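Enquirer: Below is the structure, and that's it, no one-letter string:
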DNA sequence: CGCCTTTCTGGACCGGAGGTCCACTTAGAT
DNA sequence: ATCTAAGTGGACCTCCGGTCCAGAAAGGCG
């Protein structure tokens, strides 16, 4: 057995149908509609299949977020400045936050559906983001507790917050980005 | 009927027993143990009574938070500076955030139990805090979108974040306060 | 081509959550 | 003492995440 046995082709097809159905569900009926049973039904498979593919609810939602997060990770790790390496850390941090707001705004319903109640720990997809922020913060000022700052920043622009701003308060994306820039100005502007 | 009829004395007693039992439950078995049934049993009353007193789960948790939030509200609205009126807005904001971190840290389990999943809107108890932050931000710089900034700041130091830092990362309270100060430095220090 | 192992599939089933309902009880004003 | 509005308890409902396992089928191999 070289490596591990490949996923059977029908299984792979079902994985795709499930992800697709989940996306459709959220888009059409909101984050609250993303129940495992609903996804199964919408995908035309049994509930057991969904669990078999994704383990649990979080596994499914993480897979959903992964799809668009992966390209973002590439962008800030290997892409062109100011998001990618090459620019000063302060500029990269600002670009990162602004870009993340845009990204989450584009996938708000999905990101909201992936939010896990009373999370004792950060959802896996957000781990790399936190690490990246921490690295930048450390580069900006090594005296800061970079992990704490990263946690604060990531939470400040978390999906529920963005959603509240956008829809309960009617704020547009640019205003959110301006606000975020103002919040970070203490880190990004050296005095 | 002057005003509205007073709450019957046995009902008031039960309200107290329920709140007390809830606090005990959370303290002893963690935020996850706060189920309506468990509270009812621990208080020695029926489930219906708990719902009758508090409406729903959120009503109960909000009442729990209210107990310690009320004194905090007094402190930043009418108390002595730098938390209360009298000090410059920048100082008041910093004092507010530092103090709120202390407060939440002292009641983390409770605050965590009160966290509502996928919150479309801010939990009622946090409303006044958000307004206060917004006022201060506006006083610091009228050009900022104060409501957005308030939302960001409040979310940055939300109970789940504080909990993660304290227990998953082993950070102490002072470090959190220092971090928060650093995050706000762009607002609090004029350049 | 047919076999056999391994994986996959579907949906019945379970436990536990929040919330409703309503017949019964009881405080407390008159 | 009576009466009524408020309060009470717990059976009951719905919905959800998650488990389980008997049956189906993929696909490597002779």
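Expert: Structure's in. What do you need? Every value quoted in this text rests on a predicted model; they were computed, and no experiment measured them.
Enquirer: Figure out the length between the terminal residues of stretch A:23-36.
Expert: 13 Å (C-alpha to C-alpha, to the nearest Å).
Enquirer: what sits up against it?
Expert: A:22, A:38-39, A:42, A:47, A:50-51, A:57, A:60-61, A:64, A:109-110, A:112-113, A:115, B:118 (C-beta atoms under 8 Å, 6 or more residues apart in numbering or on different chains). Glycine gets a C-beta too; all of them are placed from N, C-alpha and C.
Enquirer: What are the boundaries of the helices in chain A?
Expert: Using DSSP state H, the helices of chain A run over residues A:9-29, A:36-43, A:47-54, A:57-78, A:89-106, A:108-113, A:127-140, A:146-156, A:159-163, A:173-188.
Enquirer: With mean neighbour count as new columns, can those be given to me in a markdown table?
Expert: Output for those, formatted as a markdown table (neighbours: other C-beta atoms under 10 Å in any protein chain shown):
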| stretch | mean neighbour count |
| --- | --- |
| helix A:9-29 | 16 |
| helix A:36-43 | 18 |
| helix A:47-54 | 17 |
| helix A:57-78 | 16 |
| helix A:89-106 | 19 |
| helix A:108-113 | 22 |
| helix A:127-140 | 18 |
| helix A:146-156 | 24 |
| helix A:159-163 | 23 |
| helix A:173-188 | 20 |
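Enquirer: Is it possible to get JSON lines of these that adds distance to residue B:10?
Expert: What follows is the helices of chain A, written out as JSON lines (distance: least, C-beta to C-beta, whole Å):
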{"stretch": "helix A:9-29", "distance to residue B:10": "45"}
{"stretch": "helix A:36-43", "distance to residue B:10": "43"}
{"stretch": "helix A:47-54", "distance to residue B:10": "47"}
{"stretch": "helix A:57-78", "distance to residue B:10": "43"}
{"stretch": "helix A:89-106", "distance to residue B:10": "50"}
{"stretch": "helix A:108-113", "distance to residue B:10": "43"}
{"stretch": "helix A:127-140", "distance to residue B:10": "51"}
{"stretch": "helix A:146-156", "distance to residue B:10": "43"}
{"stretch": "helix A:159-163", "distance to residue B:10": "40"}
{"stretch": "helix A:173-188", "distance to residue B:10": "50"}
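Enquirer: Quick one, which of the ones you listed gets closest to residue B:166.
Expert: helix A:146-156 (10.3 Å; C-beta to C-beta).
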